[in-house]
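A.B. asks: got a sequence here, can you build the structure:
(2 chains)
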Amino acid sequence: MTIERLCHQLIENHPNFEDSCIIGIQPRGIMFADRIVEQLRKLVKNPEFDYGKLDITFYRDDFRKRETPLAASTTEMEFLVEDKNVILVDDVLYTGRTIQAALTAINHYGRPRKVELLALIDRRFNRHLPIQCDYSGIVVDALEEAYVKVEWEQIDGADKIKLYPKK
Amino acid sequence: MLSTKHVLGIKYLTTADLREILETAEQFKEVINRPIKKVPSLRDVTIANLFFENSTRTRISFELAEKRLSADVVNFSASSSSVKKGETLLDTVNNILSMKVDMVVMRHPSPGAHLFLADHIDANIINAGDGTHEHPTQALLDAYSIQEKLGSLERKKIVIIGDIKHSRVALSNIFCLQKLGAKVKVCGPPTLIPKHLPSLGVEVEYDLRKALHWCDVANVLRIQLERQDIKYFPSLREYAQYFGVRKSILDELNKEIVIMHPGPINRGVEISSDVADSDHSIILDQVENGVAVRMAILYLLAGQRN
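C.D. replies: The predicted structure follows:
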């Protein structure tokens, strides 16, 4: 339901998706992006948009602040974003730092005309940076120390959103 | 996370370390093929490249890897430094470190120079070759290149041909390939094969044709004339005759094998031009992969620091 509604919202702003592309953020934004893309391909007549998977590990601002370096995932970007309307897709928008890193990373593939953000969950009270999403599935109001996890049928067995009091 | 804060040699790394480096290198290989080949990960890291011995490939490869990770880089070469005035290794390094350097990449003619340094300084040390001992980043990029070409190293047969005695590449390769599940043979004139080698679980073959027939991959090494204090074989011509890899020998095999060489190549000695430039050769892929592998090592070591 939510995914279908989000797709219709996207279609309103991106007629035919001619100059648009969808970029999912690794690792857990991909499952959501896959669903969005699958649904869009059903809804749009000639769905010829590019779909990329972006890993932002090397752009994170907490490198060397953690105990151990994070393992990177695969980036699959077979196209340039020069002059395109980019729709960034992630599962949870929390502090905004991942998105900041993703914006830096995207610039390495060209200068996009516009970048929009689509998040399944918007934790609106936990932002550290002035970053907001353009499309969101559900708004979750949770404490800073809480952890919101989205589980997907493909890897976790069922589609669920879980709220943990502690990380 | 790596089990160690230095990369002194393959001997001191676990199999899990090697796999982690190779997996991370795969991501960096994608990075260096982007339109903008740079990521900001090491933007607050300063790295000193200390080369007490000549180098082209390794030095440029390390410098590119460092710059593509956005690190600050200082270069040092022994020939134009105070080493000539009699400064000791430890003094030289400590002076450089007091200028707030986080990591040291060093090539040194003395085997074990890095082990000595690791006991005395705090910075991460990466061995870029120490005498005839080890050259871990070369071994890792070789392993990466084989894996890329053949899919996996498990049970693959690799023969290392040439000057085994003077080669740090050979020793690091033997450790690395064995840890990753490959079988290793060496081939060369008896005078250039150390007699203790079978104790490492390596078979020795003196017949080039038999060795090539057995293997999936042939890693051809350079004859290191600069390290040979005495004559180990009568002439380069004779060496090329018996151990030079050339097209006519490869054509006799009824299979395709992968040809590697760590460079610099002595064309017409250990390998002929038609082989070095053929489709079987992955020599230039090795060089490209070298940057990705070194980026992975730098990234994983730098990430440990708080």
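A.B. asks: residue A:53 and residue A:22: what is the separation?
C.D. replies: 10 Å (C-beta to C-beta, to the nearest Å). Every C-beta, even on glycine, is put in place using the N, C-alpha and C of the backbone.
A.B. asks: can you list residues touching both of the two?
C.D. replies: Common neighbours of residue A:53 and residue A:22, counting by C-beta atoms under 8 Å, 6 or more residues apart in numbering or on different chains, are residue A:33.
A.B. asks: so what's residue A:28 closest to, chain neighbours aside?
C.D. replies: Counting by C-beta to C-beta, 6 or more residues apart in numbering or on different chains, residue A:28 lies nearest to residue A:91, which is 5.0 Å off, once chain neighbours are set aside.
A.B. asks: now for that neighbour, how many residues are close by?
C.D. replies: Residues lying near residue A:91 (other C-beta atoms under 10 Å in any protein chain shown) number 24.
A.B. asks: dump the residue contacts of residue B:93.
C.D. replies: Applying C-beta under 8 Å, 6+ apart, the residues near residue B:93 are B:50, B:104, B:106, B:117, B:121.
A.B. asks: swap that for residue A:116, please
C.D. replies: A:13, A:85-88, A:134-135.
A.B. asks: what is the nearest of those to chain B?
C.D. replies: residue A:86 (15.1 Å; C-beta to the nearest C-beta).
A.B. asks: host element of that closest one?
C.D. replies: strand A:85-93 (DSSP states H and E).
A.B. asks: other SSEs contacting that strand?
C.D. replies: If you count contacts as 3 or more C-beta pairs under 8 Å, 6 or more residues apart in numbering or on different chains; DSSP states H and E, strand A:85-93 packs onto strand A:20-25, helix A:29-43, helix A:97-107, strand A:114-122, strand A:147-151.
A.B. asks: which residues of chain B lie near chain A?
C.D. replies: Taking C-beta under 8 Å from any C-beta of the partner chain as the contact definition, chain B meets chain A at B:1, B:20, B:23-24, B:26-27, B:30-31, B:34-36, B:38-42, B:44-45, B:69, B:299-300, B:302-306.
A.B. asks: out of those residues, which end up buried?
C.D. replies: B:20, B:24, B:26-27, B:31, B:39-42, B:45, B:69, B:299-300, B:302-305 (16 or more other C-beta atoms under 10 Å in any protein chain shown).
A.B. asks: packing partners of the strand or helix carrying residue B:291?
C.D. replies: Following DSSP H and E, one finds residue B:291 within helix B:283-302. Applying 3+ C-beta pairs under 8 Å, 6+ apart, one finds that helix B:283-302 contacts helix B:15-31, helix B:57-68, strand B:103-108, strand B:124-130, helix B:136-150, strand B:258-260.
A.B. asks: want to try CSV for these, with distance to residue B:171 as columns?
C.D. replies: Output for the helices and strands packed on helix B:283-302, formatted as CSV (distance: least, C-beta to C-beta, whole Å):
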stretch, distance to residue B:171
helix B:15-31, 15
helix B:57-68, 16
strand B:103-108, 15
strand B:124-130, 10
helix B:136-150, 8
strand B:258-260, 16
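A.B. asks: in JSON lines, list these along with mean pLDDT.
C.D. replies: Below are these laid out as JSON lines (pLDDT from 0 to 100):
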{"stretch": "helix B:15-31", "mean pLDDT": "95"}
{"stretch": "helix B:57-68", "mean pLDDT": "96"}
{"stretch": "strand B:103-108", "mean pLDDT": "95"}
{"stretch": "strand B:124-130", "mean pLDDT": "96"}
{"stretch": "helix B:136-150", "mean pLDDT": "97"}
{"stretch": "strand B:258-260", "mean pLDDT": "97"}
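A.B. asks: residues touching the residue of the stretch 101-250 of chain B found nearest chain A, list them.
C.D. replies: Closest contact between the stretch 101-250 of chain B and chain A, by C-beta to the nearest C-beta, is at residue B:102 (9.5 Å). Residue B:102 makes contacts with B:45-47, B:123-124, B:302, B:305, as judged by C-beta under 8 Å, 6+ apart.
A.B. asks: around chain B, which positions in chain A sit nearby?
C.D. replies: Counting by C-beta under 8 Å from any C-beta, chain A sits next to chain B at A:55, A:57-60, A:63-75, A:77, A:80, A:104-105, A:107-110.
A.B. asks: hmm, try it at 6 Å
C.D. replies: A:58, A:63-64, A:68-69, A:72, A:75, A:108 (C-beta under 6 Å from any C-beta of the partner chain).
A.B. asks: list the buried ones in stretch A:56-69?
C.D. replies: Those would be A:56-60, A:63-64, A:69, for stretch A:56-69 by 16+ other C-beta under 10 Å.
A.B. asks: nearest to chain B, of those?
C.D. replies: residue A:69 (2.6 Å).
A.B. asks: a strand runs through the closest one, doesn't it?
C.D. replies: No: Residue A:69 is assigned coil when assessed by DSSP: H, G, I helix; E, B strand; the rest coil, not a strand.
A.B. asks: was I right to think it contacts residue B:301?
C.D. replies: No: judged on C-beta atoms under 6 Å, residue A:69 makes no contact with residue B:301 at a distance of 8.8 Å.
A.B. asks: for the chain, name the helix or strand with the lowest mean pLDDT.
C.D. replies: Since no chain was named, I'll use chain A. helix A:153-156 (a mean of 88; mean pLDDT, DSSP states H and E).
A.B. asks: nope, chain B
C.D. replies: Counting by mean pLDDT, DSSP H and E, chain B has helix B:89-97 as its least confident element, at a mean of 89.
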